[in-house]
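Trainee: All I have is the shape, not the residue letters:
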C-alpha cells in the first residue's frame, strides 16, 4: 500500500479548502495543544564535569588493541585533569539536557564513547603497573559513563550507553583472571553501584515517545491552517488552480494509494508507543509483540524498536554475567577451585544470583571439560548448555552468552 501525504505539496494544501476540492482538510491539529513535560534537572548536575572531560579529551587517540605498552602509556599522558573530571562526575547525579536539536546529540555521544576508550586505556596502563583493582574500577566506570549518556531520555542515548558498557565490560572480562578476592569484591560493589544508575528500557521508550511527538509538533506545525490555505488560494491564478486540481486528481486515482493525514499519525504514534512502553516494562521473555499500526510514519520507525528490545536485554545479561564472573573468581581463589554451581556464591560473594533476562530464572552454570562456564541462554531463549554464541550477540544469535573462569 502506498500513501499519499496530503501535506506534501503546498498546492494540494491550498486547494484542499476550496469548495470544489474533493477532500476536506480541516485537521484537529492535536499537536498544537501538546507541550512536552518539564524535565527536572539535578542540582548540582555533573553533566558539566562530563562536558569538561569531553573537551579535554578532544585530542585523545585510542591505542590499538595490539599496540605496544609504550604507546598505550603515551596515549594517556597529559590527560590527568580529564581523568579527574570523569572520576568526579561519576560521584554526582547526572542528567544530560533534553534534546532540542537532533544535530547536537551526535558529537556529544561520540565524545561519550571516546571517554570510555580513554578509561580503558587507563585500565590497560594500570594492569601493566600491577594496579589490578584500579584497572577493574576504570573498566567499570564505562558503565557509569554510559548511564550518563542515556540520561537524555532518547533511544540513541540508550544505544550509545550499551556501546559504552561493551567497551568497559570487554576490558573487565580480560582483567578478572588477575584479580584477588578482595579486589573482586571491590569491583562487584562498583559494578552494582554503576548498575543502579543505568536507565531502564521503559524510561528510554518514554523519552523516545516524547521526542517523536516533539519532532512531529515541529514538522506538522508548518502545515497551514484552513484560513491560511484560503489566503493562498485567493492568490492563485485560474491556470494554477486548474493545474493543481488536475494533479490532485491524477495522484488520488493511482492504484493502491490511500489518503493520510498528520492527525492519524499523531494518534497512531501515541497509541503504539503507549503499548510499547507497557510491554518493555515486562521481562524480555514475557513480552508480547506489539502490532504495528497501518500508518506510514510509524511503519518507518517500527523495525528499529523491535531490535532495540533485544539489544537492551543483551546488555543486561552482560552486566549480570560480569557480576557472577567476579564472584566466581573470588570464590575460586578463596576455596581453591570453582564453585559447583552459582548457588554457592550466595551469600558470601553475592546477595543473590542475578536473573537471566531471557528466561524466568537466574543465570546458569555448567562444567564442560573441566572448565566452569556461567551463561545466559541468550536472545534465542533456548538453553544450549553453555554452547557459546559465535561473535557478538544480536537479536538473531543462536547459542548462549558465556563467560569462563
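Mentor: Cool, the structure landed. Treat the numbers as computed from the prediction; the structure is a model and nothing was measured. Numbering: from 1, shown residues only.

Trainee: Just the element for residue 202, please.
Mentor: Element membership of residue 202, judged by DSSP states H and E, is helix 201-220.

Trainee: avg pLDDT for that helix?
Mentor: Helix 201-220 comes out with an average pLDDT of 88.

Trainee: Just say helix, strand or coil for the residue nearest to residue 327 when sequence neighbours are not counted.
Mentor: Spatial nearest neighbour of residue 327, chain neighbours left out: residue 349 (3.8 Å); criterion: CB to CB, 6 or more residues apart in numbering. From N, CA and C alone the C-beta is placed, and that goes for glycine too. Secondary structure, DSSP: H, G, I helix; E, B strand; the rest coil: residue 349 is coil.

Trainee: ends of stretch 398-405, how far apart?
Mentor: 22 Å (CA to CA, to the nearest Å).

Trainee: What lies in contact with that stretch?
Mentor: 173, 177, 314, 317-318, 321-322, 324-325, 328-329, 332, 338, 364, 371-378, 380, 382-390, 393 (CB atoms under 8 Å, 6 or more residues apart in numbering).

Trainee: buried subset of those?
Mentor: Buried by 16 or more other CB atoms under 10 Å: 173, 314, 317-318, 321-322, 324-325, 328-329, 332, 338, 364, 372-378, 380, 383, 386-389, 393, out of these.

Trainee: What about the contacts of stretch 398-405, which are in helices?
Mentor: 173, 314, 317-318, 321-322, 324-325, 328-329, 332 (DSSP state H).

Trainee: Is it possible to get CSV of those that adds distance to residue 185 and pLDDT?
Mentor: Shown next, in CSV, are those (distance: CB to CB, whole Å; pLDDT from 0 to 100):
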residue, distance to residue 185, pLDDT
173, 17, 95
314, 26, 96
317, 22, 97
318, 20, 97
321, 17, 97
322, 14, 97
324, 14, 97
325, 13, 97
328, 13, 97
329, 10, 97
332, 14, 96
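
Trainee: Kindly reformat the residues you listed as a markdown table containing distance to residue 264.
Mentor: Shown next, in a markdown table, are those (distance: CB to CB, whole Å):
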| residue | distance to residue 264 |
| --- | --- |
| 173 | 48 |
| 314 | 34 |
| 317 | 38 |
| 318 | 40 |
| 321 | 44 |
| 322 | 45 |
| 324 | 48 |
| 325 | 50 |
| 328 | 54 |
| 329 | 56 |
| 332 | 60 |
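
Trainee: between these, which is closest to residue 86?
Mentor: Nearest to residue 86 among these, counting by CB to CB, is residue 322 at 20.1 Å.

Trainee: Contact partners for that closest one?
Mentor: Contacts of residue 322 by CB under 8 Å, 6+ apart are 169, 172-173, 176, 191, 403.

Trainee: Geometrically speaking, which residue is the centre of this structure?
Mentor: residue 158 (2.1 Å; CA atoms, centre = their mean).

Trainee: shouldn't that one be in contact with residue 201?
Mentor: Yes: taking CB atoms under 8 Å as the definition, residue 158 is a contact partner of residue 201 at 7.5 Å.

Trainee: hey, what's in contact with both of the two?
Mentor: By CB under 8 Å, 6+ apart, the residues touching both residue 158 and residue 201 are 308, 312.
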